[in-house]
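> I'll drop the sequence and a predicted model, then ask my questions.
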Amino acid sequence: MARQRDLYKVLGVSPKATQQEIRNAYKRESLKSHPDRVPADSPERPARTRRFQEINDAYYTLSDISRRRDYDATRLADGVDEEYDIPQGGAGGFPWSDFGFGSATDREQRASEQFGSVFEEMLREEGLASEDTDADGRTQTRPTSRFWSIVGGISGGALGFIIGNAPGALAGAVAGNRLGAVRDAKGKSVYEVFLELPQTDRARLLMSMWVIVSWFLGYFKSTIIFATVFLTMLLRHQSPAITSPLHRMRPSPPESDHFRRLVALEWLLKVSLSSPRSSHQVHKQDLLIVFGIMAEGASVYPSLPNRPLQGTICLFDVDNTLSLPRRGATPEMLELLSRLRQKCAIGYVGGSDFAKQQEQLGSATTNVTSLFDFCFPENGLTAFRLGQPLAGTSFIEWIGEERYQELVNFCLKYIADLKIPKKRGTFIEFRNGMINVSPIGRNASFDERNEFQAYDDVHHIRRDLVEALKKKFPDWGLTYSIGGQISFDVFPTGWDKTYCLKHVAAEKEMSGVEYKTIHFFGDKCFEGGNDYEIYSDSRTIGHAVQNPDDTMKLLKELFEL
């Protein structure tokens, strides 16, 4: 068995070092080796990142008395290895900081503990934070009025400069400095009072602020970016698990989602402010990118058992329901879904694989699993709950290789003999839980898709191919479901969109929430369409829509959004 690395040597301290000496060493070494101290393309960055991770791991273990005691015992028994690499999870060992528990929640909690005490201590030394005890006897670190005065002054000055140059900056800094120090009758800062509001009220208030700022300063692109970045960072960290407001200021490890998000925001800010285009012109694409980040940032949602409509869930088809076929969801749709998620659980169920749904509903910086409580690609044969994957099911294992090839060969021969205006490529797409068959080919452009759909409406190309398959393989237990514009799905009977309802029902065992009211919204709700089975299922309340605008109109009426 490989020996553990000497964590004391990593921090440059003696095995007899006090906890204070360990904290001081961590501050020194982490600041010295932080990867952000060199450019992103620097050849030093990978080594700095590894070193930074190593220091974090060492501090996590040695900063806690019980973890340090366990490490010391193992260190004495097994010895240490000077050349031992940074431990990784999986076969062959695991990091001390994980102790065998590798969930995302554990890692996030570890990051919180790891950085919290050090940076809160640094702020206390500068008079920017103080400690007090809450009603439960727990010690909390809170920002002082000096801290909020400085933050208010900087924020006010920045906004004032954008609006009124130097005079505006001076006035904004003074006003922000005074507002930052405002306390209520009980001595609490405005920010602390804000934190005590219910999550729903916080989210609604911040979203309203964002809309007002964007409208009032709509001609100033840089201001919109600034306001969005600020509110996104603020919104992302409003979680009931966070007891200290200084948690917002703790740096994130390079491998964390928070770190990557901040890097993306920094990049967006730099690109926007350095753009040769007029700073007074707000471009549609910029707003789409900003809103995509904002939509994720606004994910301040009650837990599933605490939603106002606890036993209600809304499930959505994707194409022509949440977005136009193969196009991205609009900012208006994402914002409406965010408001709906404050009231009840939401999820999508689509026939396409996860990658295509990420393209349509997510973005380069926003994982689609963060925008929905439940994600059901491939009808739920691949599934995610609150961002975590659930057990999947395989079509190829069910049908077997021999039958699979016979099925695919028949489809390809049929399409080869087909006379249609255009053919492109990718006529068969293999997915985890099904195959997707497209007579024109999935590589068709947007305009070509529209042309084929119009042609298919008259000549019934897909319908005729489905009938040929039913005749050829009558006893194979397959279902054929026409969906979208250019293709249809082939999967085992029972593996249609109703398959996702198994995951919905399982929530009762996981969180105690039983979804007795299941709304489904889709556009292919006719018999033979890929939404028909779940639309007509007795467990759901089906809503047939024509397009995303129709979906939004219906949601506003049903849920008073």
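Okay, I see it.

> grab the CA positions of whichever strand or helix holds residue 76 and hand them over as CSV.
Using DSSP states H and E, residue 76 maps to helix 65-78. Provided in CSV are the C-alpha atoms of helix 65-78 (Å, rounded to 0.1, in the frame of the first residue of the first chain):
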residue,chain,number,x,y,z
ILE,A,65,-7.9,18.3,15.7
SER,A,66,-9.6,15.0,15.2
ARG,A,67,-8.6,14.7,11.6
ARG,A,68,-5.0,15.6,12.5
ARG,A,69,-5.0,13.0,15.2
ASP,A,70,-6.1,10.3,12.8
TYR,A,71,-3.5,11.4,10.3
ASP,A,72,-0.8,11.4,12.9
ALA,A,73,-1.7,7.9,13.9
THR,A,74,-1.5,6.6,10.3
ARG,A,75,1.6,8.6,9.6
LEU,A,76,3.4,6.9,12.5
ALA,A,77,2.2,3.5,11.6
ASP,A,78,2.8,3.6,7.8
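
> what is it packed up against?
helix 45-63 (3 or more C-beta pairs under 8 Å, 6 or more residues apart in numbering; DSSP states H and E). All C-beta spots, glycine's among them, are computed from the backbone N, C-alpha and C.

> if you count neighbours, what's buried in the helix it packs on?
Within helix 45-63, the residues scored as buried using 16 or more other C-beta atoms under 10 Å are 45, 48-49, 51-63.

> next, the angle helix 65-78 makes with that helix.
For helix 45-63 against helix 65-78, the angle by axes from the mean of the first three to the mean of the last three C-alpha atoms, to 10 degrees is 100 degrees.

> quick one: list the elements packing against helix 45-63.
If you count contacts as 3+ C-beta pairs under 8 Å, 6+ apart, helix 45-63 packs onto helix 7-11, helix 19-33, helix 65-78, helix 104-125.

> report the angle between the third one and helix 19-33.
Taking the same axes, to 10 degrees, one finds helix 65-78 and helix 19-33 inclined to each other by 80 degrees.

> could you look up the SS state of residue 396?
helix (DSSP: H, G, I helix; E, B strand; the rest coil).

> which of the helices and strands packed on helix 45-63 has the lowest mean pLDDT?
Mean pLDDT is lowest for helix 104-125 among those, at a mean of 52.

> all helices for the stretch 401-550 of the chain, in order.
401-416, 446-459, 461-472, 500-511, 532-536, 548-559 (DSSP state H, counting those that start in this stretch).

> which of those helices sits closest to residue 364?
Among the helices of the stretch 401-550 of the chain, the nearest to residue 364 by C-beta to C-beta is helix 446-459 (20.2 Å).

> just the pLDDT for residue 558.
Taking residue 558 on its own, its pLDDT is 94.

> contacts only, for the closest residue to residue 554 other than its chain neighbours.
The shortest distance from residue 554 to any non-neighbouring residue, by C-beta to C-beta, 6 or more residues apart in numbering, is to residue 543 (5.9 Å). Residue 543 is in contact with 519, 520, 521, 522, 554, counting by C-beta atoms under 8 Å, 6 or more residues apart in numbering.

> can I get these in a markdown table with pLDDT, neighbour count and distance to residue 321?
Shown next, in a markdown table, are the contacts of residue 543 (pLDDT from 0 to 100; neighbours: other C-beta atoms under 10 Å; distance: C-beta to C-beta, whole Å):
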| residue | pLDDT | neighbour count | distance to residue 321 |
| --- | --- | --- | --- |
| 519 | 97 | 20 | 12 |
| 520 | 97 | 27 | 10 |
| 521 | 96 | 24 | 6 |
| 522 | 94 | 27 | 6 |
| 554 | 95 | 15 | 10 |
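
> quick check, nearest of those residues to residue 305?
Taking the contacts of residue 543 together and measuring to residue 305 by C-beta to C-beta, the closest member is residue 519, at 19.0 Å.

> enumerate the beta-bridge partners assigned to that closest one.
residue 314, residue 541 (DSSP bridges).

> wait, doesn't it sit right on residue 317?
No. With contact defined as C-beta atoms under 8 Å, residue 519 does not reach residue 317; the gap is 11.9 Å.

> what sits against the closest residue to residue 448 other than its chain neighbours?
Leaving aside its sequence neighbours, residue 448 sits nearest to residue 422 (C-beta to C-beta, 6+ apart; 5.9 Å). By C-beta under 8 Å, 6+ apart, residue 422 lies in contact with 440, 444, 448, 451, 452.

> what about burial for the residues you listed, which qualify?
Listed as buried from those are 440, 444, 448, 451, 452; burial here means 16+ other C-beta under 10 Å.

> so who does the last one touch?
Listed by C-beta under 8 Å, 6+ apart, the contact partners of residue 452 are 420, 421, 422, 439, 440, 444, 461, 485, 486.
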